[in-house]
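In: Got a sequence here, can you model it:
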Amino acid sequence: MREIILIVKDMKPDIVMITEVKPKYSLCEVSSQQFKLDGFDLFSNVEDKDVGRGVSIYIADHLTTRVNQINIGIANRDSI
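Out: Just a heads-up that it's a prediction; the model follows:
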């Protein structure tokens, strides 16, 4: 996570998307709070036990966001 923080501070993006968020063979529960970035709203499925390794999308908090849920009918996928 430290590398991501340094890259974000350097590049100053408005949107950051990360896949494979959860450790592959972790025995510990993962919380989205572990992946917070200052200045960003976090949309993530890391706490959903029915998905694989997880996806996180960070949107700069100065942007207006809206969540829409879409079912595209693909089984065995990560999604937000």
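
In: Same question for stretch 28-36: list its buried residues.
Out: Using 16 or more other C-beta atoms under 10 Å as the burial criterion, the residues of stretch 28-36 that qualify are 30, 32, 35. (C-beta placed from N, C-alpha, C; glycine too.)

In: For that stretch, measure first residue to last.
Out: The first and final residues of stretch 28-36 sit 18 Å from each other (C-alpha to C-alpha, to the nearest Å).

In: hmm, who's touching stretch 15-35?
Out: 1, 4, 8, 37, 40, 42, 44, 46-47, 52-60, 78 (C-beta atoms under 8 Å, 6 or more residues apart in numbering).

In: Could you pick out the buried ones from those residues?
Out: Here the buried ones among these, as counted with 16+ other C-beta under 10 Å, turn out to be 8, 37, 40, 42, 44, 46, 54-60, 78.

In: secondary structure element for residue 6?
Out: Element membership for residue 6, per DSSP states H and E: helix 2-11.

In: Could you list the alpha-carbon positions for that helix in CSV?
Out: As requested, the backbone C-alpha atoms of helix 2-11 are provided in CSV (Å, rounded to 0.1, in the frame of the first residue of the first chain):
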residue,chain,number,x,y,z
ARG,A,2,3.0,2.3,0.6
GLU,A,3,4.0,2.2,-3.0
ILE,A,4,0.4,3.1,-4.1
ILE,A,5,0.4,6.1,-1.7
LEU,A,6,3.7,7.4,-3.1
ILE,A,7,2.5,7.0,-6.7
VAL,A,8,-0.8,8.7,-6.0
LYS,A,9,1.0,11.6,-4.3
ASP,A,10,3.4,12.0,-7.2
MET,A,11,0.9,11.6,-10.1
